[in-house]
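Student: Here's a sequence, model it:
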Amino acid sequence: MQPGGGAVPAGQQVTVTLDLTSADPDGLQRLAAEVSTPDSPQHGKRLNRTQLRDRFGAPPARVARVTTWAKRAGLQVTGLDETGSQLTVTGTARAVGAAFSVGLRTDTNHGVRALTATGTPRVPAKVRSDVQAVMGLTPRAAKPLSVRPVAAVQPLADGQYCSTYFGEWNKGSVPQKYPGKQSNMLCGYNGPQLRSMYGLGANDRGQGQTIVIVGAYHQATALADANKTFATNGVPQLPADRFVVKQYAPQSTVAGCDVGAWNMEQALDIQAAHTIAPDAKIVYAAAPDCTKLPDTVAKVVADASIDTTIISNSWGITTGEPNDQPYLTAVNNIMARAALLGIGTYVSSGDAGDNSGVPGSNGASVLFPASSPWVTAVGGTSTAVGGQNQVLFNTGWSSAANRLTGGTWQRVNPPFIGGAGGGTSAYFAKPSWQANTPGTRRSVPDISALADPFTGFYVGWTAGGQYRAGPIGGTSLAAPIVASLAAVAQGKAGNGFVIGLAAPVLYGKAAAGVPIVTDVTHVGAGVWTTAISADSPQGDYLIDLDAGTQSLRTGPGYDQITGLGVPGPAFLTAITS
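Tutor: Below is the predicted model of the structure:
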């Protein structure tokens, strides 16, 4: 926690979500596993929301007990969600603090200034077994996992252009560390290039599907920006009747949430999803600020007005896996309920590799909720596409930078400048479908797609009132790509087919030798650029792709940068068979 806080005024209204104990907590996890595991007799037999509430929501007596206690504590009970799991209560800071035996302050933590409880929230003994977790008194800030190269490569002399395909331009006056596999940075792949990257044909369009994107904030220009970009990116327009914005609470101002970064994230997610699945409906579920992302996922899961079968999450909790078991359990159960409803949840694995270089980290770690066993965690690749839209190579996204010094390439310090998140969970046991991954804990990621910003996707968005466009990457790009490919697969299968949790299917098919994924192995290659960060001086830099400067390595078979690999030639058919 950083200095600079203050007590919350006693009369300020505070909203808290009580995650109620299920009627059958073990049964919830058990049935979610059975519904999601291909060799189970229950596989694919998803519940509807009424069945979910009746079997695994809090029993009416439990809801009544907690409601009675909350009202006596001076709190207003404002609603129980459709899954019967989350009870929302509101009250003054004085009443909330007394009810949960905490003080309330506004403090800055990891750059985000938000309400924070002094102490661990708890409820009285008479309802302690009824409340699994108190959400909202110690907010966990999330960050968008998109990355934009800072270099603006101008058309100067000696081939100093950005490349529209890998190797189109290659600055010849600098040393060629990777002959034949060295290119100027990419201008940003266009729509046909991205679709070709994953083998999509003219009829692979995601018809009849809904892709729900969960992010923070909503930019009013998002649809107009997308269609302006599509017009130059070779992508059909997104009709207004196939773009829906859901805001479950008014937008709030939380210092440090970086609204601009979330607006860019929204643009990336919408444009990537529509490029892959141009006939699908896109629902953007906007959290009111960066501390309410899991709450928004819960509201989407409970919302019967959306035909939700796919959720894309291009964000992760800033602190990685929080050392807060009630919080982890509560959010993990949200994802388990989604799996029981047949919803496939896709989550970016992160952009800082093993996270050992993140300020304040205590060594390698993974991001949450990517580490949940009820999501499909999506890692990232550096991908080279040639002049005929053919994939020249995929390699793991784990980049290191060199600067041209005295006529030779010298590694900068520290060399690592970005890469797909991965590793092993500190909290979640290995699910049965990950039997062949290392260790005894949940391993991240499961699958991967384009993420390297230096081989990124061309995106347009408004910042400071001005439209701008250029390449963007991060596993924020990879997650909506894979989620939207799943939507295309469901559309091809027809008859209302739903994949649900995709990860067990991926592991099972891959183990059986079905080409549902293409393995990614190390490829030595490089990308030239003029800068690597806002603080770096202009010059000649070479990005070593898949440099292996951290603990994570790309290799044959499963690895913790690319998972099982990238969507393969049989992905669209095998994932639904």
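
Student: any idea how far Leu268 is from Ala285?
Tutor: Relative to Ala285, Leu268 is positioned 16 Å away (criterion: CB to CB, to the nearest Å). (C-beta placed from N, C-alpha, C; glycine too.)

Student: Between those two, which is the more surrounded one?
Tutor: Taking neighbours as other CB atoms under 10 Å, Leu268 and Ala285 compare with Leu268 leading, 29 against 25.

Student: Quick check, the more buried one in contact with Ala478.
Tutor: No. Look at Leu268 against Ala478 with CB atoms under 8 Å: they stay out of range, at 10.7 Å.

Student: ok, which stretches of the stretch 1-150 of the chain are strands?
Tutor: Along the stretch 1-150 of the chain, counting by DSSP state E, counting those that start in this stretch, strands occupy 2-7, 13-20, 76-80, 86-92, 103-109, 112-118, 131-135, 142-144.

Student: so where do the strands sit in the stretch 251-400 of the chain?
Tutor: Going by DSSP E, counting those that start in this stretch, the stretch 251-400 of the chain shows strands at 281-287, 310-313, 315-317, 344-348, 376-385, 391-396, 398-405.

Student: Report pLDDT for Leu156.
Tutor: Looking at Leu156, its pLDDT reads 54.

Student: Tell me who's in contact with Arg411.
Tutor: Arg411 is in contact with 400-402, counting by CB atoms under 8 Å, 6 or more residues apart in numbering.

Student: how many degrees apart are the helix or strand containing it and strand 376-385 in direction?
Tutor: Counting by DSSP states H and E, the element that carries Arg411 is strand 408-419. Interaxial angle, strand 408-419 versus strand 376-385 (axes from the mean of the first three to the mean of the last three CA atoms, to 10 degrees): 150 degrees.

Student: Just the CA atoms of strand 408-419, as PDB, please.
Tutor: Extracted in PDB, the C-alpha atoms of strand 408-419 (Å, rounded to 0.1, in the frame of the first residue of the first chain):
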ATOM      1  CA  THR A 408      26.900  -4.400 -33.100                       C
ATOM      2  CA  TRP A 409      23.700  -5.400 -31.400                       C
ATOM      3  CA  GLN A 410      24.000  -5.100 -27.600                       C
ATOM      4  CA  ARG A 411      21.300  -6.300 -25.200                       C
ATOM      5  CA  VAL A 412      19.600  -3.600 -23.200                       C
ATOM      6  CA  ASN A 413      19.300  -4.000 -19.500                       C
ATOM      7  CA  PRO A 414      17.000  -5.500 -18.500                       C
ATOM      8  CA  PRO A 415      16.600  -7.300 -21.800                       C
ATOM      9  CA  PHE A 416      13.000  -8.500 -21.400                       C
ATOM     10  CA  ILE A 417      10.400  -6.100 -22.900                       C
ATOM     11  CA  GLY A 418       7.200  -8.100 -23.000                       C
ATOM     12  CA  GLY A 419       5.900 -11.600 -23.400                       C
END
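
Student: Distance from it to the middle of the chain?
Tutor: 26 Å (CA atoms, centre = their mean, to the nearest Å).

Student: Which helix or strand lies directly C-terminal to that strand?
Tutor: Counting by DSSP H and E, the next helix or strand C-terminal to strand 408-419 is strand 423-429.

Student: Any buried residues in that next one, and which?
Tutor: 423-428 (16 or more other CB atoms under 10 Å).

Student: need those in TSV with distance to Ser312, can you?
Tutor: Converted to TSV, these look like this (distance: CB to CB, whole Å):
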residue	distance to Ser312
Gly423	22
Thr424	24
Ser425	21
Ala426	25
Tyr427	24
Phe428	21
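
Student: TSV for these, including pLDDT and distance to Gln490?
Tutor: Below are the buried residues of strand 423-429 laid out as TSV (pLDDT from 0 to 100; distance: CB to CB, whole Å):
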residue	pLDDT	distance to Gln490
Gly423	97	30
Thr424	97	31
Ser425	97	28
Ala426	95	34
Tyr427	95	31
Phe428	97	27
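
Student: Low-confidence regions, this structure specifically.
Tutor: 1-5, 152-159 (pLDDT under 70).

Student: Residue most distant from the centroid, it?
Tutor: Gly406 (41.1 Å; CA atoms, centre = their mean).

Student: how much space between that one and Thr229?
Tutor: For Gly406, the distance to Thr229 - CB to CB - is 41 Å.

Student: and if you look at Leu145?
Tutor: 20 Å.

Student: Turn the contacts of Arg411 into CSV, columns for neighbour count and distance to Lys126.
Tutor: What follows is the contacts of Arg411, written out as CSV (neighbours: other CB atoms under 10 Å; distance: CB to CB, whole Å):
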residue, neighbour count, distance to Lys126
Ala400, 23, 57
Ala401, 26, 59
Asn402, 22, 64
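
Student: Make JSON lines from these and add distance to Thr318 to it.
Tutor: Formatted as JSON lines, the contacts of Arg411 follow (distance: CB to CB, whole Å):
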{"residue": "Ala400", "distance to Thr318": "24"}
{"residue": "Ala401", "distance to Thr318": "24"}
{"residue": "Asn402", "distance to Thr318": "30"}
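
Student: how close does Phe393 sit to Ala336?
Tutor: Phe393 is 37 Å from Ala336, by CB to CB.

Student: scratch that, Gly260 is what I was asking about
Tutor: From Gly260 to Ala336 the distance is 34 Å (CB to CB).

Student: Between these two, which has more neighbouring residues?
Tutor: Comparing Gly260 with Ala336 by other CB under 10 Å, the one with more neighbours is Ala336, at 29 against 14.

Student: How about that one: what's its closest non-neighbour residue?
Tutor: Spatial nearest neighbour of Ala336, chain neighbours left out: Ala32 (4.3 Å); criterion: CB to CB, 6 or more residues apart in numbering.

Student: Assess the claim that that neighbour and Ala339 are in contact.
Tutor: Yes. Judged on CB under 8 Å, Ala32 makes contact with Ala339 at a distance of 4.6 Å.

Student: so what sits against both of those two?
Tutor: Trp374.

Student: And Ala267, how far from Thr221?
Tutor: Counting by CB to CB, the gap from Ala267 to Thr221 is 9 Å.

Student: Comparing these two, which shows the higher neighbour count?
Tutor: Ala267 (24 against 16).

Student: out of Leu145 and Thr229, which sits in the more crowded spot?
Tutor: Each of Leu145 and Thr229 had its neighbours counted (other CB under 10 Å), and the higher figure belongs to Leu145 (31 against 24).

Student: re the thing from before, save the strands of the stretch 251-400 of the chain as TSV, and put in distance to Gly460 too.
Tutor: Formatted as TSV, the strands of the stretch 251-400 of the chain follow (distance: least, CB to CB, whole Å):
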stretch	distance to Gly460
strand 281-287	16
strand 310-313	19
strand 315-317	21
strand 344-348	21
strand 376-385	20
strand 391-396	24
strand 398-405	24
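
Student: nearest to Ala133, of these?
Tutor: Judged by CB to CB, the one of the strands of the stretch 251-400 of the chain that comes nearest to Ala133 is strand 315-317, at 14.7 Å.

Student: What strands flank the closest one, and is each parallel or antiparallel?
Tutor: Strand 315-317 has its sheet partners listed here by DSSP bridges as strand 142-144 (antiparallel).
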